[in-house]
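S.K.: Let me see the structure of the following:
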Amino acid sequence: MFENSTAPEEVAKVILKAITSITPDLRYLVGSDANSLIEKEKNVPERKFLEFMSQNILGSGNRMY
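M.R.: Numbering: from 1, shown residues only. Down below sits the predicted model:
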């Protein structure tokens, strides 16, 4: 599941940017997988997106809603 995950150093850079920003954004995307998820979220109904996230991120036995 985590073989294509974002490197910790890349995540750390974005966290540093967020906590040191004078005007922080509400959300920060890190890695190409985040961009793919945002596109998917835009193109499917919310319920389907939550089902997808529950199955692929939390595991099939857990639900986000």
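S.K.: Could you look up the next helix or strand downstream of the helix or strand of the chain with the lowest mean pLDDT?
M.R.: Evaluated with mean pLDDT, DSSP states H and E, the helix-and-strand set of the chain has its lowest mean pLDDT in helix 32-43, which scores a mean of 83. Helices and strands here follow DSSP states H and E; after helix 32-43, the next one along the chain is helix 46-53.
S.K.: List the buried residues for that next one?
M.R.: Applying a neighbour-count criterion of 16 or more other CB atoms under 10 Å, the buried positions in helix 46-53 are 49, 53. All C-beta atoms are positioned from the backbone trio N, CA, C, and that covers glycine.
S.K.: which secondary structure elements does that helix contact?
M.R.: Where contact means 3 or more CB pairs under 8 Å, 6 or more residues apart in numbering; DSSP states H and E, helix 46-53 is packed against helix 32-43.
S.K.: how far does the helix it packs on sit from the chain's center?
M.R.: Per CA atoms, centre = their mean, to the nearest Å, the displacement of helix 32-43 from the mean C-alpha position of its chain is 8 Å.
S.K.: how far off helix 46-53 does that helix point, in degrees?
M.R.: Computed by axes from the mean of the first three to the mean of the last three CA atoms, to 10 degrees, the angle separating helix 32-43 from helix 46-53 equals 150 degrees.
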